[in-house]
Each structure stands twice: as C-alpha cells, then as structure tokens.
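>>> here is a sequence with its predicted model. Questions after.
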Amino acid sequence: MLSQPISVSFDLGGGREVFIETGKLARQADGAVTVRQGNCVILATVVANKEPKEGQDFFPLSVDYQEKFASAGRVPGSFFKREARLNDYEILTSRLIDRALRPLFPEDYLCDVQVLISLISSDAEVLPDSLACLAASAALAVSDIPIKEIISEVRIARVDGKFIVNPTRSELKASDLEFLIAATENNLMMVEGEAKECAEADLIKSLQMAHDAIRIQIKAQAELRAKKGVTTKRDYKKPAQDEAVMEKVNAFAKERVYEISRKGSSKNERSEAYSALKDEVIVSLGEEATDLEKKLAKKYYEDLKWEVVRNMMIDDRIRLDGRQLDVVRPLAMEVEPLPTPHGSALFTRGETQSLTTVTFGTKLDELLVESAQKSEYTKFILHYNFPPFSTGEVKMMRGVGRREVGHGNLAMRSLKQMMPDTSTYAYTVRVVSDILESNGSSSMATVCAGSLALMDAGVPFPKHVSGVAMGLVTRADGKYAILTDILGDEDHLGDMDFKVTGTRDGICGVQMDIKVDGLSMEVMMEALEQARKGRLHILDAMYECMPAPRPEVKPHAPRMIKLIIDKEFIGAVIGPGGKVIQEIQRETGATVNIEEVGNTGEVSIFSASKESLDKAVAWIKGITATPEVGDVYEGPVKGIKEFGAFVEFMPGKQGLLHISEISWKRLETMDGLFKEGDMVKVKLVGLDPKTGKFKLSRKALMPKPEMKPREGENAEG
C-alpha cells in the first residue's frame, strides 16, 4: 500500500501561500520534496552514498538546478530539441544553492552527495530561484543524511521605497535593490545581489528582513520533518585520526609556520617555504612512518597553518604579505594598452591583474538569454576568463567553468548599474576580462578594469565602479580581524569573505559567504564600512587614471545614432521587400536596424565612418520628415515632361516643378532646361490635400523682375 503524501504550508504575506510536500514523487531518493507557489512547482531530490570513496579526503557535493521547458509549455530551441548542459542562469542558481548547503554538512563527512533541483511547472509571475534553495534544504531535512541545521533562502527587493520578500517578476523589474539571502535559524550564510547605489544601511535592513522570513520557512521544514518521523540521522565512516602524529606535527612546525607567515613575503616565496617545511615535517616522522601517517601529517600541517595564520591576524594585526588589516595592495592601472579594441584597460592590484577589452556591436550581436519561462535579448555582455597560467598552474582547458560564470556575473551586475539606458543607447557592448595573474579577488579586478575600459571606449558611463574583497577572522574569545583586499591564501582561512562593489555614492553589487556562528550586525556594519573606505581608495586612483569617459568613440570604432520615428514611417524606411533599407545600406555603407516599439519605430544606424553615418541619417530623416509648405529644398531632377520636371526634393518624396514655376519668364518648352540628375533648389508652395501631390516652385526663389512701363505711360502710369 502506498504511503500518503505529507505536506505543510506557510504564508509569504499578502496571501501568497507556499506548500512543501514529500512522499509522492521520487520516493527512492534519500529525500525528495516538491515546493509549490501558485503554478510554480519545484522538485528537489537528494541522494548520498553510504560510504566515502577509498582514500577520499574532501567532501564531494554536487548541486544542479535545471528548468524543464515543458514546465512553461515550450520546446527547447536547441538543434536536438531537448534540455542539454545547464545555461548560465541555471549555473548561477546552482552555485547559490551549493554555497548555502555546503556548510551544513559535518567537516568529517566525505560521502558523495548529489542534489538535483528541477522546475517542473512554471508560473509567469513566480521566480523559481528564490524557492529552489528552500526545496533543496527541505529534501535534506526529510532524509537521514547528516546535516547540522536546516536553512532557507529568500529574495529581498525594494520597489518605490518598500522592501518586499520574494517579489514577483513584475515587481522585480521595477526594483532598485535585489538581494538573495540564505540563512539558518541563527546565522546568515550567503548574500548575493545588486543595487542602484544603495547605502550600507539598506543592505543591513535587507538582511534583517530576510532573516525573519527565513525563520518562518525553517519552521515549516522542521514541521514537515517531524510529520515524516525523521528523528535520527545515519551514521557514517569518519576519517582516520592519530593524536600522536598531530602532536608531532604541531611540535615540529608551529613556530616555523609562524615565522614564514609573518615574514611578509610574496605568494611564490611563501608557497615555496610552506612546501619545503611540509617536506621536512614528513621526514621528521622517520622512515618507519606509514603511508597513512604521512597522509595524516599533511592534513594536520594544513590545519596548523590555518590556526597559526588566523591567530597572527587577530593578535598581531598583520597579514601574510605584511600589510595592516585595512590596507589595499599597491595599485597600477592604464587605459588603452591595446591599439585595436574599441576600449581596453589593464588593472593590477598586488599580484592580481586583469586585461579587459570592450567591443561595440549592433542589434544583431545581442545575446539571447533563454529560460523555461521566457527568452529575451540583452545588449550588455561580460565574459570572464581565468586561464591556468594566472596562478602558475598547468590545467586542461575544457571550456568555461562554474567559477568563471559566477565571477563574470558579479562583475556584470555591478557594471550594468552605470550603463546607459538601452532604449536610447543602440550599441551592444561586450566586455571581456582576461585574468593574467591572480592572488585574490580577480572578480573585483574585473569590475575596476571593466569600468576603466568602458570609459576608454567612449561609453557614456557616468561614474566609476570599483570593488574590493573583504575577509573576517573570528575567535571563540570574541576577538576578530576584518581584512581589506584579501589574498588568495587568506580567502579560505576566513569566517566570512565578501565582495562589495559600488561608486562613491553607494553599493552596486554584493557577494558574501558567511561561515561563522552568531555574527552580529555590529560587526557586519563595521566590515561594510571598512569595505566602503577600501572601495573609495581604489576609486580615487581610477579617477586619476581616467577622470571621465571619452567624449566620443575611437576613430576605428563604429559610430552609432538612434532615431525615433513615427510608426507610420517604418514601412517607408524598409520599403517593399526591404528595397529601401537595403539601398540605404548599400549606398552609404552603414548598417541600419529598425524595430517597432509601441507606437514608434526605433532606427539604429551604425558605421565606422562619420561621413557614412551622416549620409544614412540624412537619408532616413528625409524619408520620415514631414514636408512643410514654405520650406526650401534642393534635390535632383528625376523626370522631365512637356509640362514640367519632377524633382526629388526629399528622399523618397517628389514634387512637380511646373513649367510656369521655373522662371518668371514665360517658357514655351522644357527643351534644354534640365537633364535628369541636375540639382535644383526649389520651394514647396503647395500640397494637394486630395492627391497628396507636392507643388514646387523655382521662380519663387528668384527676385521678381520690375515691370517696364508701356510706351506713352510714365512709371506711375
């Protein structure tokens, strides 16, 4: 007999009820739940091996979030018409869930764990990514897989000054602040998001509001677990330990590790010294040491380094490279290091370096961003590359990894806050950051280099955006150290590492991982204030290097103009079968794109030549302009008849220059007056309202001859 499904529910506010159910789907998984809000349904499953792999010394957790196109009644657009590799949005969602779940597992738990989250029914207004982590945590909660705590995640947005938990898609479009926040009952764990220059206090308010909402979701998961009757978690095989070996390692290496750590050496010197000491530690065990003892000695040595360096920072207030806690490494930057790209910058901070380029494209170069619910195009693209040589390593180049996608997304979200409005700025802009050297926070170097490169390219970028990576080290006695501009070695040592980007006026992007229990908001505020000072220090150097955007794009970059025309003229610009727009492009050498937007048409014109651009603009303005009676025009003769000439006084618009309007002198014939192609200056003197035909005059631009008096009359006659 099949067991009955078990469910619980809670209210997000405003009548938005969320249901969590287990026992109906995927019953052979260790844990499986569905989370539903409106028509949005997410299935999350979790399975863990009973035993770790032989010799495994790390925790292999894999998290994959995927949206089924059938959930929105759509067929995938790929050649094979099926879901394939995860797209960037799915990868980013998977990373957010992974970062929140990973600290939940015991440090000595080394069994493979696979978490799969699928969107199986979509709702046009419900954002599934803010429910995905809830689903994953609930699946773990109803399983017997050992986890320390239950978590959840919510999105906080601000619309018209009001903070909203898990906003709808429509509300999110109108927001000026958006953060995804994960937490346990007592502690924040992960923050990621963007804002249009929000204050640090706004971020703190978002964190507090999110934590209150998360506690409600954790309570619902605990209720579901109790209803299912899960009271104990499975036992698991713990890694071997040897107290005697640990004591030998500590006694032999503790002082030596401290000496190396406080020396203030470079990354390579420090790495070589640590490596040499590790070899000495193994030798010190003696020839009789077993392979297991040697393996454990290496682990205890790494644990010792972690403890010694953290204590050094807290007690001595110095860091691995000799800096004080709040000091940013030396900065070096330049714009236009490369002659051919449309914009470029080289940004170096300590031993981290980014070479970033900017390329302008047309509407045809827009990026299609596809999800189950919708497909849309974006005109701002940022790609981040992290080759192995940047850390002095040899690795296989197998395409872009999740880390590159995540770091690039943080930089993109930060810089896009200062990008011009796409409705008036026709360029598609691609920014590419190639990391040439890395020792801490290459994503923040990407933000700084990207800001410089965009200004170098002539993008109307109103303010520089910089970023700084921060760290926090705490101890049980209540002492702590906040680190500005952390090194790679300091990254994994800390209890909190967070990256903050922004302008002089506020925060543009945040990425934060918190590992410490009971972090107070006072410490968080102190860390954010120290980050603000570090960000401002970097901004000062950036403004000194490039104070403002170039007034125009470089000579070899494509020029761009966007024209807004009445909807009724779209057909005239395109012409029958595209004849007119093709002629414009062929004759001027410019690229012309036109699309209907509401009751208007948006015409984007691109050309590397100013002369070509001006010619195309004049042509299109001529087609779309409304002739005014009384205005003077100049155009070519297009045809000659016995009663006059047809003159194209505006592109696509011809009028009749009647024989009687050519000259004040009476003309009997058109012979010899004009030939086709002659340029004639004329005045528009009339418009037939019935036929729409234009009447032109040449003699109206000539002085009227004086009348000679007839014989026998005086002039007044």
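Sure, I can see it. This is a predicted model, so every value here is computed, not measured.

>>> quick check: residue 639 touching residue 646?
Yes: between residue 639 and residue 646 there is a contact under C-beta atoms under 8 Å: 4.3 Å. From N, CA and C alone the C-beta is placed, and that goes for glycine too.

>>> same drill for these two, tell me which one is more crowded.
The residue with more neighbours, out of residue 639 and residue 646, is residue 646; 19 against 13, by other C-beta atoms under 10 Å.

>>> run the chain-centre distance for stretch 653-663.
Once both centres are worked out by C-alpha atoms, centre = their mean, to the nearest Å, stretch 653-663 turns out to sit 59 Å from its chain's centre.

>>> residue contacts, the closest residue to residue 185 other than its chain neighbours?
The shortest distance from residue 185 to any non-neighbouring residue, by C-beta to C-beta, 6 or more residues apart in numbering, is to residue 218 (5.4 Å). Residues near residue 218 by C-beta atoms under 8 Å, 6 or more residues apart in numbering: 150, 151, 152, 184, 185.

>>> right, and residue 622 touches residue 654 too?
No: if you go by C-beta under 8 Å, residue 622 and residue 654 don't touch, sitting 11.9 Å apart.

>>> how far away is the nearest residue to residue 163 once chain neighbours are set aside from residue 154?
Among residues not flanking residue 163 along the chain, residue 209 sits closest, at 5.5 Å (C-beta to C-beta, 6+ apart). Distance of residue 209 to residue 154, computed by C-beta to C-beta, to the nearest Å: 9 Å.

>>> residue 550 now?
Residue 550 is 42 Å from residue 154, by C-beta to C-beta.

>>> ok, now residue 183?
On the measure of C-beta to C-beta, residue 183 and residue 154 end up 9 Å apart.

>>> overlap in contacts, the two.
210, 214.

>>> burial check on residue 704, number of neighbours?
So residue 704, with other C-beta under 10 Å, has 8 neighbours.

>>> what's the pLDDT at it?
In the predicted model, residue 704 carries a pLDDT score of 85.

>>> which residue sits closest to it, ignoring its sequence neighbours?
In space, residue 704 is closest to residue 664, 6.1 Å off (C-beta to C-beta, 6+ apart).

>>> picking up where we left off before, quick check, the residue nearest to residue 163 in contact with residue 156.
Yes: Residue 209 is in contact with residue 156 according to C-beta under 8 Å; the separation is 5.9 Å.

>>> between those two, who's got more neighbours?
Neighbour count, other C-beta under 10 Å: between residue 209 and residue 156, residue 156 has more, with 27 against 17.

>>> which residues touch that one?
So residue 156 contacts 163, 164, 165, 177, 178, 179, 181, 193, 206, 209, 210 (C-beta under 8 Å, 6+ apart).

>>> if you set the cut-off to 10 Å instead, what comes out?
Residue 156 sits next to 130, 163-167, 175, 177-181, 191, 193, 202-203, 205-210, 213 when contact means C-beta atoms under 10 Å, 6 or more residues apart in numbering.

>>> go on, residue 284?
Going by C-beta under 10 Å, 6+ apart, the list of residues near residue 284 reads 248, 249, 251, 252, 253, 297.

>>> list just the nearest of the residues you listed to residue 544.
residue 253 (44.6 Å; C-beta to C-beta).

>>> surely the closest one touches residue 278?
Yes: at 8.2 Å, residue 253 and residue 278 qualify as touching, with contact defined as C-beta atoms under 10 Å.

>>> who touches both of these two?
297, 301, 305.

>>> using JSON lines, please lay out those together with pLDDT, secondary structure and neighbour count.
Formatted as JSON lines, those follow (pLDDT from 0 to 100; DSSP: H, G, I helix; E, B strand; the rest coil; neighbours: other C-beta atoms under 10 Å):
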{"residue": "297", "pLDDT": "94", "secondary structure": "helix", "neighbour count": "23"}
{"residue": "301", "pLDDT": "95", "secondary structure": "helix", "neighbour count": "22"}
{"residue": "305", "pLDDT": "93", "secondary structure": "helix", "neighbour count": "21"}
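
>>> could you dump those to TSV with distance to residue 61?
Below are the shared contacts of residue 253 and residue 278 laid out as TSV (distance: C-beta to C-beta, whole Å):
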residue	distance to residue 61
297	26
301	25
305	24
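
>>> quick one: least confident helix or strand in this structure?
The helix or strand of the chain with the lowest confidence, counting by mean pLDDT, DSSP states H and E, is strand 367-370 at a mean of 83.

>>> that one - contacts with which helices or strands?
helix 88-101, strand 375-378, strand 380-385 (3 or more C-beta pairs under 10 Å, 6 or more residues apart in numbering; DSSP states H and E).

>>> please identify the buried residues of the first one?
Right, the one you point to is helix 88-101. Neighbour counts over helix 88-101 (16 or more other C-beta atoms under 10 Å) mark 88-101 as buried.

>>> who touches both of residue 622 and residue 654?
Counting by C-beta under 10 Å, 6+ apart, the residues touching both residue 622 and residue 654 are 635, 648.

>>> nearest to residue 659 among the contacts of residue 218?
residue 152 (85.7 Å).

>>> mind checking the SS state of the residue lying closest to the closest one once chain neighbours are set aside?
Computed as C-beta to C-beta, 6+ apart, the closest residue to residue 152 that is not its neighbour in sequence is residue 217, at 3.8 Å. The three-state label given to residue 217 by DSSP: H, G, I helix; E, B strand; the rest coil is helix.

>>> going forward, count from 331.
With the count now opening at 331, the last piece we talked about shows up as residue 547.

>>> residue 990 falls within a helix, correct?
Yes: under three-state DSSP, residue 990 falls within a helix.

>>> got a list of what residue 773 touches?
Counted by C-beta under 10 Å, 6+ apart, residue 773 has contacts 682, 684, 714, 716, 733-734, 736-741, 744, 763, 765, 797, 799, 829, 831, 839, 841.

>>> which among these count as buried?
Among the contacts of residue 773, those classed as buried by 16+ other C-beta under 10 Å are 682, 684, 714, 716, 734, 736-741, 744, 763, 765, 797, 799, 829, 831, 839, 841.

>>> narrow those to those in helices?
734, 736, 737, 738, 739, 740, 741, 744 (DSSP state H).

>>> do you know how far residue 718 is from residue 820?
21 Å.

>>> again, but for residue 650
For residue 650, the distance to residue 820 - C-beta to C-beta - is 6 Å.

>>> now do residue 690
To residue 820, residue 690 is 38 Å away according to C-beta to C-beta.

>>> likewise for residue 356?
Taken as C-beta to C-beta, the span from residue 356 to residue 820 is 41 Å.

>>> how about the strands of the stretch 681-830 of the chain, start to end?
Residue ranges of the strands in the stretch 681-830 of the chain, as given by DSSP state E, counting those that start in this stretch, are 682-691, 697-700, 705-708, 710-715, 758-767, 796-804, 810-814, 826-833.

>>> buried residues, the fourth one. List them.
For strand 710-715, burial by neighbour count (16+ other C-beta under 10 Å) applies to 710, 711, 712, 713, 714, 715.

>>> list the residues that contact the first one.
Yep, that's residue 710 we're talking about. 696-697, 742, 745-746, 749-750, 752, 755, 757-761, 784, 789.

>>> filter those residues down to the buried ones.
Neighbour counting by 16+ other C-beta under 10 Å classes 696, 742, 745-746, 749, 752, 755, 757-761, 784, 789 among these as buried.

>>> for residue 777, state which of those is nearest.
residue 745 (6.4 Å).

>>> show me what contacts the closest residue to residue 495 other than its chain neighbours?
Closest residue to residue 495 apart from its sequence neighbours, by C-beta to C-beta, 6+ apart: residue 543 at 4.6 Å. By C-beta under 10 Å, 6+ apart, the contact list for residue 543 reads 340, 342, 343, 482, 483, 484, 485, 486, 495, 496, 511, 513.

>>> ok, back up a step: what's the closest of the buried residues of helix 418-431 to residue 410?
Taking C-beta to C-beta as the measure, residue 420 is the one of the buried residues of helix 418-431 closest to residue 410, at 17.0 Å.

>>> that older thread, including pLDDT, could the buried residues of strand 710-715 go into JSON lines?
What follows is the buried residues of strand 710-715, written out as JSON lines (pLDDT from 0 to 100):
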{"residue": "710", "pLDDT": "95"}
{"residue": "711", "pLDDT": "96"}
{"residue": "712", "pLDDT": "97"}
{"residue": "713", "pLDDT": "97"}
{"residue": "714", "pLDDT": "96"}
{"residue": "715", "pLDDT": "95"}
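
>>> sweet, I'm off.
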